[in-house]
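Colleague: my questions are about this predicted structure, shown below with the sequence.
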Amino acid sequence: MKIFLDTADLGEIRRAAEAGLIDGITTNPSLVAKVAGDGDPRDLYLEICETVDGPVSAEVVAVDADRMVAEGTRLASIHDNIVVKVPLTEHGLRACRRLRAEGIRVNVTLCFSAPQALMAAKAGATYISPFVGRLDDIGHDGMGLIAEIRESYDQYGLETEILTASIRHTRHFVLAMRIGSDCATIPPKVLYQLMKHPLTDSGLAAFLKDWETIGREI
Ligand code: G3P
């Protein structure tokens, strides 16, 4: 399963990329607004693309298809790593189809149901981003949605990659792996939680303590 970091924070992106922990980046307008300040978001996207060797999702902010296509085309011209993110609306799906016809990769975002995911795949989406945490927040079954999408995509041989998004904790990630999500995008905090285990820490402490008894270097 590909791991994407869900952030526009360059410090976090550099740390994870240098450690070889991530396959790409996803952003959204809220994440970019948090870090962009007075700067041009296009410069930020370029810097992210030059830091990470993989897909970098950059989202349009227009709501009609023509403007989404114009924005998406501009975003895609920033760097080959850019994947244009469009919302799962009628206009978003129209824009998706048109951008794909131009050879631009598209991530269809804000997906909350299996029929929406089917429609995105039929529009040629490269990735579909179902938001599991936000479904859980309203008492629905976020991970159940991932299973439904996996089942229907497999049933109809659809090649759109499932990019499980709005992941809030490590359990979401584990379930995404078990279900066979193609990708998961996670906030930095969850990325580092994933590699930690108390038995690893206590095991390492014991090994180092025992080694001290022989007082040798390697
Ligand atoms: O970037 C899309 C998604 O991962 C947002 O997550 O935590 O804002 O629901 P969240």
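Modeller: Structure received.

Colleague: only C-alpha atoms from now on, for both contacts and neighbour counts.
Modeller: Fine.

Colleague: where in this protein is the helix or strand with the lowest mean pLDDT?
Modeller: Taking mean pLDDT, DSSP states H and E as the measure, the chain has helix 29-36 as its least confident helix or strand, at a mean of 95.

Colleague: mind listing what's buried in stretch 31-38?
Modeller: 32, 36 (16 or more other C-alpha atoms under 10 Å).

Colleague: can you list the residues of this protein near the ligand?
Modeller: 6, 27-28, 133-134, 165-166 (C-alpha under 6 Å from any ligand atom).

Colleague: which strand residues bridge the most centrally placed residue in the chain?
Modeller: Residue closest to the average C-alpha location in the chain (C-alpha atoms, centre = their mean): residue 185, at 3.3 Å. Judged by DSSP bridges, the bridge partners of residue 185 are residue 4.

Colleague: what helix or strand is residue 46 on?
Modeller: helix 41-51 (DSSP states H and E).

Colleague: convert the C-alpha atoms of that helix to CSV, please.
Modeller: The C-alpha coordinates for helix 41-51 follow below in CSV (Å, rounded to 0.1, in the frame of the first residue of the first chain):
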residue,chain,number,x,y,z
PRO,A,41,0.8,28.6,-3.4
ARG,A,42,2.3,27.6,-6.7
ASP,A,43,5.8,28.2,-5.3
LEU,A,44,4.9,25.9,-2.4
TYR,A,45,3.6,23.2,-4.7
LEU,A,46,6.8,23.4,-6.7
GLU,A,47,9.0,23.1,-3.6
ILE,A,48,7.0,20.1,-2.4
CYS,A,49,7.3,18.5,-5.9
GLU,A,50,11.1,19.0,-5.8
THR,A,51,11.3,17.4,-2.4
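
Colleague: all helices for this protein, in order.
Modeller: 10-18, 29-36, 41-51, 65-76, 90-101, 114-122, 132-137, 142-156, 170-179, 188-194, 198-212 (DSSP state H).

Colleague: now the shortest one - C-alpha only, CSV.
Modeller: Meaning helix 132-137. Listed next in CSV are the C-alpha coordinates belonging to helix 132-137 (Å, rounded to 0.1, in the frame of the first residue of the first chain):
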residue,chain,number,x,y,z
VAL,A,132,-13.1,7.8,6.5
GLY,A,133,-12.6,10.0,9.6
ARG,A,134,-15.2,12.5,8.6
LEU,A,135,-17.7,9.6,8.1
ASP,A,136,-16.9,8.2,11.6
ASP,A,137,-17.4,11.7,13.0
